[in-house]
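Participant: got a sequence here, can you model it:
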Amino acid sequence: MVTSQRPVSRVLISSDNRELNSALAHLLREHDPALNADGPASVVADVAGREGLRLLIIGESGINFAALDLLQTIKELRPELAVLVISAQPTVEHATEAIRRGAEDFVPVPYSEEIVRKEVARILEAAELRDRVAALDRLVSTRSGFERIVSRSTRMRAVFDRATAASRSDTPVLIVGETGTGKELIARAIHSSGRRAKRPFVPINCAALPRDLVESELFGHRRGAFSGALTDHPGLFVAAHGGSLFLDEVSELPLEVQAKLLRVLQDGDVRPVGGLDSRRVDVRILAASNRSFAAMRDKGMRQDLFFRLSVLVIEIPPLRERREDLPLLIAHFLSATEERGGRRVEGIDPQALDLLSEYHFPGNVRELENMIEGLSVTLPPDRTTIRAEDVRSWLHRRGISTVRRTGDATELPLNLNDLEKWAIGEALRQAHGNKSKAAQMLGISRDTLYRKLHELDLRSESPDSLT
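Facilitator: Okay, the predicted model is just below:
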């Protein structure tokens, strides 16, 4: 079936035979109301002046080389335009020459209406696919990294402004924010929007590196430098040469590695473990931490390194402080889940959105993404919308009790176990996981708190997840 969503003609018929022109127009207009059925006075002029035109049908009483010359002229003028030739009294020579000069196909008269419909549908579908691919290519090539970040909150707008300013220079950047807020996404956006965009972006989680291998991973090593060093290893600084190195959880680096990192930042020279010679590198450092400035100092981060990395600081707010982003993020994650092969979910009910708006989201945007994907997978087959009971069930399966607000009143869980879980979880959240402080807030001893955690099967839950 040929369909059209465009206000301009997608198919133009040019025929020297009025009966053929009328028959083709009637055949196709049933499926394409925007079809222009009248043959233009000048095919070349009409083709040149029509935007949105996808297919030209040339109908001839008998194909000749004059018609083939017209076909060649049109293809030179509009190479992307598909041309279908329909002609009476065809010859193999004419059909072959028409294809050679750029026709999509050659249909003899008398023709089968079903064949013509299918041929036109195939040509238009292929043209639309090419349009989508071309649009995607233009989108990828022109969109900056920041436009890929989904947000409409005023607080995130301030983040974008600082990150955009950071992309215009090579100064070190320190990005701080809770786990799951999108620190690496911001770092990638800074890199892809700057002059180093075509060079490597090399991310590394400093907290995940074994302490005895951190220096080797970052700066490289020479063969035989230590047990297991069977070959030379260039290291991540060399791998990121000309581009950006993203040091996630930089405050977790051992002090001796921090000292060497500081020297690289100051001198631009990297010396591998077990090597005597240094190598000059051109690397932009983007660092991140989920700790506050005070926590970084308490953790033992070198003050001189901190000052060197924090020339420009970008603080990303947690999701609970920008809840206006929830509808936009949910729609984005539903679409992304479908694109990855998941089922189509139309949206989320207002009651479910209200419930999520009350949730603390200790895992921030990453937790929301995982939640939406999980809800999409487990949604009953007969529904395409996420409801409040789906969200509540998802949270309950993870030992998370919810707080629902009705008007100005707060509706707490009525089940005693759920109420105790909620109270303990809330105390641990407010105490930032400090069990002694949480027990004091609850008016119980630390031993009692541990017993309650055991009885309520909360031992495997992180304190931040119990809200």
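Participant: contacts, neighbours, all on C-alpha from now
Facilitator: Fine.
Participant: which stretches in the stretch 301-450 of the chain count as helices?
Facilitator: For the stretch 301-450 of the chain, applying DSSP state H, counting those that start in this stretch gives helices covering 303-309, 326-339, 350-358, 364-378, 388-397, 416-430, 435-442, 446-455.
Participant: now for Val250: which residues touch it?
Facilitator: By Cα atoms under 8 Å, 6 or more residues apart in numbering, the contact set of Val250 is 205-207, 287-289.
Participant: out of the helices of the stretch 301-450 of the chain, deepest packed?
Facilitator: helix 416-430 (a mean of 19; mean count of other Cα atoms under 10 Å).
Participant: and it, what does it pack onto?
Facilitator: Helix 416-430 is packed against helix 435-442, with contacts defined by 3 or more Cα pairs under 8 Å, 6 or more residues apart in numbering; DSSP states H and E.
Participant: now the helix it packs on and helix 416-430, what's the angle there?
Facilitator: Taking axes from the mean of the first three to the mean of the last three Cα atoms, to 10 degrees, one finds helix 435-442 and helix 416-430 inclined to each other by 120 degrees.
Participant: run through who's touching helix 435-442.
Facilitator: If you take Cα under 8 Å, 6+ apart as the criterion, helix 435-442 is touched by 423-424, 427-428, 430-431, 445-446, 449.
Participant: okay if I get these as TSV plus pLDDT?
Facilitator: Conversion of the contacts of helix 435-442 to TSV gives the following (pLDDT from 0 to 100):
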residue	pLDDT
Ala423	77
Ile424	83
Ala427	79
Leu428	82
Gln430	77
Ala431	79
Ser445	83
Arg446	83
Leu449	85
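Participant: which one of those is nearest Asp298?
Facilitator: Ala431 (17.8 Å; Cα to Cα).
Participant: and the closest one, how close does it get to Met371?
Facilitator: According to Cα to Cα, to the nearest Å, Ala431 stands 25 Å off from Met371.
Participant: what's the answer for Lys118, then?
Facilitator: Distance, Lys118 to Met371, by Cα to Cα: 43 Å.
Participant: mind checking the SS state of the nearest residue to Lys183 once chain neighbours are set aside?
Facilitator: Leaving aside its sequence neighbours, Lys183 sits nearest to Ile175 (Cα to Cα, 6 or more residues apart in numbering; 6.3 Å). At Ile175 the chain is in strand, as set by DSSP: H, G, I helix; E, B strand; the rest coil.
Participant: try the one 5 residues further on
Facilitator: Secondary structure for Gly180, judged by three-state DSSP, is coil.
Participant: was I right about it contacting Asn370?
Facilitator: No. Using Cα atoms under 8 Å, Gly180 is not in contact with Asn370, being 10.8 Å away.
Participant: who does Leu247 bridge with?
Facilitator: Ile204, Ala287 (DSSP bridges).
Participant: list the contacts of it.
Facilitator: Shown in contact with Leu247 (Cα under 8 Å, 6+ apart): 203-206, 285-288.
Participant: try 7 Å
Facilitator: Shown in contact with Leu247 (Cα atoms under 7 Å, 6 or more residues apart in numbering): 203-206, 286-288.
Participant: for it, report the pLDDT, please.
Facilitator: For Leu247, the pLDDT comes out at 95.
Participant: what two of the contacts of helix 435-442 are the furthest from one another?
Facilitator: Within the contacts of helix 435-442, Gln430 and Ser445 form the most distant pair, 17.0 Å apart (Cα to Cα).
Participant: from the contacts of Leu247, which is closest to Glu252?
Facilitator: The closest of the contacts of Leu247 to Glu252 turns out to be Cys206 (Cα to Cα; 6.2 Å).
Participant: one step back: now restrict the contacts of Leu247 to buried residues only.
Facilitator: Among those, those that count as buried by neighbour count (16 or more other Cα atoms under 10 Å) are 203-204, 206, 286-288.
Participant: pretty sure Gly177 sits against Leu319.
Facilitator: No. The pair Gly177 / Leu319 is not scored as a contact, 10.4 Å apart, by Cα atoms under 7 Å.
Participant: neighbour count: the two, which is higher?
Facilitator: When Gly177 and Leu319 are compared on other Cα atoms under 10 Å, the one with more neighbours turns out to be Leu319, at 24 against 18.
Participant: residues contacting the nearest residue to the more buried one once chain neighbours are set aside?
Facilitator: Once flanking residues are discounted, Leu319 sits nearest to Asn364: 5.2 Å by Cα to Cα, 6+ apart. Counting by Cα under 7 Å, 6+ apart, Asn364 touches 179-181, 318-319.
Participant: 10 Å - rerun?
Facilitator: Counting by Cα atoms under 10 Å, 6 or more residues apart in numbering, Asn364 touches 178-182, 317-320.
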